[in-house]
Each structure stands twice: as structure tokens, then as C-alpha cells.
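Chemist: Turn this into a structure:
(chains A and B)
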Amino acid sequence: MQKLSIQMFSKSEIYVSYGILFILIAASLVLGISIGSVSIPLFHVVQILGAEIFNYPLRAPINASTVSIIMQIRLPRVLLAMLVGFALSLAGAAFQGLLKNPLADPYTLGVSSGSSLGAVIVLFFGVQLPGLGHFTLPVVSIAAGFFTLVGVISFARLVQRNLSVETIILAGILCSSFLGSLISLLIALSGEELRQIIGWLLGSVSMRGWSYVSLITPFLAAGLLMLLGSARELNAMSFSQSDAKNIGVDVKKHTTIVLIGASFVTGSAVAVSGTIGFVGLVIPHIGRMLWGVDHRHLLPLSMLLGGVFLVLVDLLARTIIAPTELPIGVLTAIIGSPVFAIIFIQHRRRRMTA
Amino acid sequence: MISVVNVSAGYEGKKVLNDLSLSLSKGKMTGIIGPNGSGKTTLMKVLNGTHPLDKGEVLIKGKRLQNYTAKELAKVMAVLPQHAGSSFDFTVQEVVELGRYPFYKGLLKVASAHDEQVVKEAIELTGVQDFVHKSINQLSGGEQQRVMLAKALAQEPEILLLDEPTNHLDLSYQIKLMDLLKKWVYTRKLTVVAILHDLNIASLYCDEVILLDDGIVKANGHPRAIMNKELLQEVYYTPLTRRDHPEAPSPIIAPVPEMKTQEKSIQKLELTATKELMVFSSPFPLKTLSSALIGGGFQWASTFVNRHVDKNYYIDDAHNEYRNYLKEKQFNPHDTIGMMTAARLGDASVVSIQKEDFALLIAVTVGTGNAVDAAQSWIRKEEATVGTINIWIFIEGVLTDEAFVQAMMTATEAKTSALSTYNVLDPLSKTVATGTSTDSICIGSTQSGTHMRYAGTITPVGKAIGKGVFEAIGQAIENYRKRMM
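Modeler: Here you go, the predicted structure:
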């Protein structure tokens, strides 16, 4: 049997993969827009998008309500799903590379919980920081995520200097439950809007609108640039920090950049969609199987794949038991938990045989 | 190339390096040895800048280590880590390419044609080209080590630091790795600094050895000077013995295990004799120095075989024939000293001498047919024929190497004296013979009991050997002559 962990595509085929992923993204977006409580023919979707984006004249008679469904509801929703998918996969791939830990993702590390706490405070207590306006939400969320991350890593290091895979995950879980209980406390104290908060916590991209798309975009872009700029260094640090230093990597600088970059993308994703778990775990894992572990390609390719994945999962979430909508986070957890278990078993087995 | 000046360094509350100074020269292989906790690893970390200094400074090519940026340093110095594994399946190619990291320029850090060439060369030099597309985690420990070495070479370093490079490697990989490093040291003027646990690897491969003890340089210099029994015993607190490598001009250090004090008496030697074989067997091995066909030189053996062959015995590869013969007779050739003689074994003479603090057992077989005067042997043309005076001397006592050689001289002189006394003549020169054409001798010692530093003719043991050998040969000649009459 061919070993799955060895990449399936060679270097030249990786560039083809980019092309295929872009096509898949376009296709999943159109599909996501087309399917829903009101079904819109694919052809109309393409036409309307063409008309709205490139100003092509609408030829077929399409009524204005369809246009408005697409432009005001469906398009921002699928775009948000895509961006959140981008962000979570990117963050997962970066965390895994930095911590040399195939089980790391924003959710297992507790970063999502930290960001959630920040977001809950902002959202449900109407906190607004001076000068930030509606960007208070992502900024607080990012900052909370970053401090959680630093806390988790410092705690894990306190427990065990060499930061083994299990120690980090345990520290993450500990942190998650602590922060989770803080959130529960807030909910209990607030009393009202219970269902809304819980729904939000389970993760969703519905009814968010364009404003949320604009909230996540700048942070995602900034985080992406930071992470891509440190891709080679992530490769070097996958062995050991001292090894990376010996080949000339400024370890401190790039660790900080990656932590901040990953917090940017995680925090902004949580701020707009709540906690959607396991995307950041599953997608980079598949990415490594398909394209290998070179972060220069793994990061962008995982990101794109994550976008496709989340648009499709969102589609599934809102159609599977329509008209009721499932929280997207529930679906990703149902898919992700078994995958987590499989990766964990593989990892342990490999370490036993090594 | 590298200077360490008055460096002190350590961990919280514990000083590991104590005002240590040393300098390492370019184009040499330097080994750092020392017991656990002597500061080897800390010194290595100090050299590659991963451990802070409390005092002093480290200069690399005359520039202070702290003044190098990580990239500048990586262009000068590469480090071979002890562990090569990664949580992720990087391919060998990707791992080696990491070595070019300090050379990439610009924001995009794109590899140039030169970078690719260097990577290719490093892969070929370390012989990992067969698995460039395999994952590093699929390789064996030795292969991983070579990949990491290729990565280090891709840095085109002037200095290569290695932390116990032969750890986890089997013997063949250890030797291959060290041979490769040694070659680079000479061909590329590479400066190699390696922590080595194995003193013999250090002795065989290093141009210079630094012995650390308790955070200071205890000694440094050529391995022939550092691989010094007394010095190393003092540092390692272990009884050691030094012997020169049989093939290479390097000392070999071996530990001396604590041995059970078993009573080792030559009384326990058993003699069995047939027409064809005279065999002494010992329940414990004896240390021997012999000129025998099987087991010549210094060796430990517990079986001593004197084999009678026909006087026309002539075989090209007598050594091999004898080994096969021993195997056939159920003797282990590696534990046996084997001689041949055309003399009748029935004429053998055995003398036993019991002194107050040592004992001797001497056995000889003598046939004087091919007697030769060593001073006149140059007049002969013919090939050697089978020798006929075989002397076995077993000593209960502890002999030094020099005592072994002296015992051999003493016995030979006694033999010559006996031949002269019994007027054995060289049939060609008509002068008194000093021996026969292919005589053999074996000195075996129990290495227990009385210590004998010397065994020259006027030492107690020398006196006993001289007298015993003289008497035994005389007796054997008489036996021979009696039978011929």
C-alpha cells in the first residue's frame, strides 16, 4: 500500500492544483448561491453575478427580488463561508507547522475559545473601543485569541519544556474549558438572548451580511501576508527551533510573526462566525497528503481548499434538514472529530515504530 | 578560526563552563571528549550561539559571535543535530534545500541556479540521491544522519559542528561518516568540531583532541598525547588500558572490566599426547606471545597444539591448512596457539619449576636435523624446511609486555646455549648451530599472581626460564639421540 502521508502530487502538478482549486471555489460559490429555500437556476446566478460585478446587461428577464436575494443574502453568505474557511485552514496549517504538531488547530489550541470570549463580551455587552468603531469586534477577538495562544503555549512549556504534541493539546483543552465556562457564566448572568448566543457559539455564517465580509477581509489579508512571508521559516522550524537557528532563521522574529498572523486570521474568523471547529485540523491534514509539507504551497493551497470545504459544508448545513438550518460548527465537528481521532492514532503509531 | 576566551557559562545556579579558553584551527578535525557533565554539550551550544555566556567571549574568524546575525553565522558555521526527525513528512530534497536558507535573497526568497547546484552536490556527496523524494521519516537513523549532513553541507560552511555524530549509528555508518568528514577536512579545508563519546573514534580520526573535565580544558593536543592511560583514568575514574591500533598509528583505549579473582594455576593445565598431537589445554585463557603458525603475536588462548607432521610436509598455504586441521579436530582456531614439528613427539621433554611466588611449565620438542647457525645461514640457498625445536613456556604470574619479549629472548639464549653444550652442528657450515630452520616459541602467562615487570636473564623468572629451557632441550636431545642409537 502506498503511504498516504507522502504527497500525491509532484512539484509541477502543484501549480495545476492552484488552477483546479480556483475553479472549485468558483463552482462551489455559484452552487452555494443557487441552492436554497428559493432555488435559483445556475444560469441566472452567473448572469446576475456578471451583471453586478462586470456590468454586463441582464438579458434574461430576472425579477428584482431574485437579484436582491443573491446580492443581499446568498452572495455575502457564501463569501463569508469561503473567507472563514480560508482563515481557519490557514491558521490550522500555520499552528501545526509552528508547533510541529499535527493535532493543532485554532479550536484544539483554545484560541477559538479565547476569541469567542472576546467576541461575546463585545457583541452582547455592546462594548466599543474608542476609535475602532465596528472594528472593535475583530480587534478584541484577535487580541483575546493572541493572549490565549500565548497563555496556552507558556503553560504547556511550564509543564514540559520540549512541548510534546499531547501536552500542547491538553493545555489547549484546559484553556478551552476554562474560557468556555467563563462564557457560560456570562450567558447565565446575561439571562436573555440565550438561544442567540448559543447559536452564535456553535458557529454560523448565516444572516451576517456584507458588513461581516468587510470585517474579516482586511485581517485575513494581513494575516495571510504575514504567514506567507514566514513560510520558509516554518519549514525550517518544523525540525527544531535550534536547528532552524543554525541554518540562519531568526526564530524569535518569525515565531512572533506567525503567532500574530495566525491570531489575526483566527480572531477575525471567530469574530464573524463564532467557533467553527476542526476545519483547521482536517483541511491542512488533507493538504499535506495531497501536496506535501512545504509551507510555501501548503499554506495557500490549504487555504483555498478550506474555502471550498466551508462553502459546501454551509450549503449542506442549510439544506440537509431544510427549512431548519443546522449550525455549521456542528457539522464540521461531526466530520472533524473522527478525523482528529484518526490523525491522533496515526501519530502515536508512528512514534511507537520510530 | 574559533577562539574561546575565558568563557564561563551555565544554567541557573550551576556553572558548567569555568573560565574556559581554547582555540580551534582551520582545516582540522577536532574532537571534544570528556565524561558526562564535563561541559561538552554546553561548550557546543556556546560555540553555535545557542547558549548565553556569563563571562568571556567567543570569536569566529576574529569576529565576536554576538555580532553575527543568524544568517551571517549560518553561512560560516553549520551544525549537525543529533536528531533528524520531524513531525511532518518533508522529503529529503526539501530538507537539504533548507540548508540554502541563509543565501536566499529578496522578499520572495527564490532559489538561484547556484543554490540548486549546491543542493545537488550536497546530495551526491552524502550519497542520499536514491531517496531524494522519500520522506525523511521513512529513512533509517543512518540515512537521516546523512540527509542532515547534506543539509549542513548545503550551507557551504567553513565550520561544521557535530554533537555526537556517531550516536545511534551502527559501526559501518560510524566509520563511513567519519571517513567522509575526514575527507572533507582535507579536500575542502573544512574545520570540523565534534563531540565524541567514543574515545577510539576520536583517536582514529581527530587531528586534535580536547579533553574536558569539570568545565575546564584538562588537556588538549594530538590524540597520541591525549589518549594517555593515566590522564584518562583520572578523568573517567575507570581502569583503562592503552594499546596501539594494529593497522593505524593511533592509540586504542579499552576499559578493563573488574575480573573475578579465580585461582589460576598452571597446575590446571592438562597435557594430552598422541603420536600426532601434543595438546596443553587450560580451563582459562592465557595471555600469549608466540611465533606460532596459528595465533602468532599477542593473543589470549586456552589450547596449545604441537602437531607432528611428516618431514616432507610441504603446503603452500600452511596457515590455512592448519586452521582447517584444527577445526576438523574440534579446536577453535581463535583460541588456539598451533605449532608444527617433524620431530617425534615421543622425544618431548617437560620441565616443571615451582618457586615460592611463581611457577613455570616448560615443554620442548627437538629434532636437530635442520640445525642452523644463524650467523652462517646466509650461505644457504634452499627454502625453509619444517622447524624442529618448539618451546612452550607457561608462567604463573603477571607479565608486562616487555617481560614477555624478554622471556622470549631469555629462552632463545638458553636454547642456543643448550645446542652449543650438546655440540649440535650446522651440517653446512660445520659451526655450532644456534637453532633449527623454523623454530617456534610460545610464552603463555596466567596473568594472575606475582607481577613480573621484567624477565631478563638475571630476574627470578628469567633465571628459571633459562635453567628450565636449557634442561628441557638437553633432555629432549638426549631422548632423540638415545632413540637414534
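Chemist: buried residues in the longest helix seen in chain B?
Modeler: Residue-count comparison of every helix in chain B, with assignments taken from DSSP state H, identifies helix B:460-484 as the longest. Within helix B:460-484, the residues scored as buried using 16 or more other Cβ atoms under 10 Å in any protein chain shown are B:460-466, B:468-477, B:479-480. No exception for glycine: its C-beta is placed from N, CA and C like everyone else's.
Chemist: Residue numbers of the stretch 151-300 of chain B in contact with chain A?
Modeler: Near chain A, the residues belonging to the stretch 151-300 of chain B are B:Lys151, B:Gln155 when assessed by Cβ under 8 Å from any Cβ of the partner chain.
Chemist: Any regions of the stretch 151-300 of chain B where pLDDT drops low?
Modeler: In the predicted model, the stretch 151-300 of chain B carries pLDDT under 70 at residues B:260-262.
Chemist: from it, which residue is nearest to chain A?
Modeler: When you check the stretch 151-300 of chain B against chain A by Cβ to the nearest Cβ, the closest residue turns out to be B:Gln155, at 6.4 Å.
Chemist: burial count for the nearest residue to B:Glu478 once chain neighbours are set aside?
Modeler: Across the structure, with Cβ to Cβ, 6 or more residues apart in numbering or on different chains as the measure, the residue nearest B:Glu478 apart from its sequence neighbours is B:Tyr422 (8.0 Å). As a burial measure, the neighbour count of B:Tyr422 was computed by other Cβ atoms under 10 Å in any protein chain shown and equals 18.
Chemist: hang on, B:Tyr422 packs against B:Gly474?
Modeler: Yes. Judged on Cβ atoms under 8 Å, B:Tyr422 makes contact with B:Gly474 at a distance of 6.3 Å.
Chemist: on that earlier part again, residues near the nearest residue in space to the residue of the stretch 151-300 of chain B closest to chain A that is not next to it in sequence, how many?
Modeler: Taking Cβ to Cβ, 6+ apart, and ignoring the residues beside it in sequence, B:Gln155 has B:Ala78 as its nearest neighbour in space, at 4.3 Å. The burial metric for B:Ala78, expressed as a neighbour count using other Cβ under 10 Å, is 28.
Chemist: Report the next helix or strand after the helix or strand harbouring B:Ala78 in sequence order.
Modeler: Per DSSP states H and E, B:Ala78 falls inside strand B:77-80. Proceeding C-terminally, strand B:77-80 gives way to helix B:92-98 as the next helix or strand, assigned by DSSP H and E.
Chemist: Which strands or helices does the helix or strand following that next one pack on?
Modeler: In the C-terminal direction, the helix or strand that comes right after helix B:92-98 (DSSP H and E) is helix B:113-125. For helix B:113-125, the elements it packs on are helix B:92-98, helix B:141-154, judged by 3 or more Cβ pairs under 8 Å, 6 or more residues apart in numbering or on different chains; DSSP states H and E.
Chemist: Of these, give the one that comes closest to B:Leu24.
Modeler: In terms of Cβ to Cβ, the element of these nearest to B:Leu24 is helix B:141-154, at 17.1 Å.
Chemist: So what angle separates the directions of the very next helix or strand once past that closest one and helix B:141-154?
Modeler: Past helix B:141-154, heading to the C-terminal end, the next element that is a helix or strand (DSSP H and E) is strand B:159-163. For strand B:159-163 against helix B:141-154, the angle by axes from the mean of the first three to the mean of the last three Cα atoms, to 10 degrees is 150 degrees.
Chemist: Residues in contact with the following helix or strand past strand B:159-163: which ones?
Modeler: Toward the C-terminal end, the helix or strand that comes next after strand B:159-163 (DSSP H and E) is helix B:171-187. When contacts are taken as Cβ atoms under 8 Å, 6 or more residues apart in numbering or on different chains, the neighbours of helix B:171-187 outside the stretch itself are B:27-29, B:125-126, B:141-142, B:145-146, B:149, B:160, B:162, B:165-166, B:169, B:190-192, B:194, B:198, B:201, B:204-205, B:207.
Chemist: Buried residues, helix B:171-187. List them.
Modeler: Burial within helix B:171-187, assessed by neighbour count using 16+ other Cβ under 10 Å, is assigned to B:Tyr173, B:Gln174, B:Lys176, B:Leu177, B:Met178, B:Leu180, B:Leu181, B:Lys182, B:Trp184, B:Val185.
Chemist: Please compare the residues you listed by their distance to A:Phe309 and name the closest.
Modeler: So of these, ranked by how close each gets to A:Phe309 (Cβ to Cβ), first place is B:Tyr173, at 44.5 Å.
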